[in-house]
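# Curious how this folds, go ahead:
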Amino acid sequence: MEYISDRITIDEKICNGKPTIRGSRITVQTLLEFLSAGDSPEDILKQYPSLEQEDIQASLKFAATLLGRSYSIKPVA
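Residues are numbered from 1 along each chain as shown. Below you'll find the predicted structure:
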């Protein structure tokens, strides 16, 4: 298991290695999808009582950090 932060972990045996919240089966992707669909953090916390507001903030920070990296697009042959 790799700790990305104190709240986000990656374990190849959990959710196919996707980043999850504190070793749970709740993925960062799931939280971001809820937010992008218009759900508020309060809505998410009601659906997932094991989560904390800081988990949602950590997910947003994680995504922002990934997007801050440099990428190159290569044509598919």
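# going forward, measure contacts between C-alpha atoms and count neighbours the same way
OK.
# Poorly predicted segments of this protein, please.
Within the chain, the segments meeting pLDDT under 70 span 1.
# at 50 instead, please
In the predicted model of the chain, no residue satisfies pLDDT under 50.
# what about the helices in it?
Along the chain, the segments classed as helices by DSSP state H run 28-36, 41-47, 53-67.
# Turn the ones you listed into a markdown table, including mean neighbour count and distance to Arg22.
Putting the helices of the chain into a markdown table (neighbours: other C-alpha atoms under 10 Å; distance: least, C-alpha to C-alpha, whole Å) gives the following:
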| stretch | mean neighbour count | distance to Arg22 |
| --- | --- | --- |
| helix 28-36 | 15 | 10 |
| helix 41-47 | 13 | 15 |
| helix 53-67 | 15 | 8 |
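# Neighbours of Arg25, how many?
13 (other C-alpha atoms under 10 Å).
# Quick one: residues contacting the residue positioned nearest the centre of the chain.
The structure's the chain has its C-alpha centroid closest to Val28; by C-alpha atoms, centre = their mean the separation is 1.6 Å. Applying C-alpha atoms under 8 Å, 6 or more residues apart in numbering to Val28 gives the contacts 8, 18-21, 59.
# Can you name the residues that contact the nearest residue to Arg7 once chain neighbours are set aside?
With C-alpha to C-alpha, 6 or more residues apart in numbering as the criterion, Arg7 has its nearest non-adjacent residue at 4.8 Å, and that residue is Arg22. Counting by C-alpha under 8 Å, 6+ apart, Arg22 touches 6-9.
# please redo it, this time with the cut-off set to 6 Å
Listed by C-alpha atoms under 6 Å, 6 or more residues apart in numbering, the contact partners of Arg22 are 7-9.
# contacts for stretch 46-64?
Val28.
# And stretch 3-21, end to end?
Stretch 3-21 stretches 10 Å from its first residue to its last (C-alpha to C-alpha, to the nearest Å).
# Quick check: buried residues in it?
Judged by neighbour count (16 or more other C-alpha atoms under 10 Å), stretch 3-21 contains these buried residues: 7-11, 14, 18-21.
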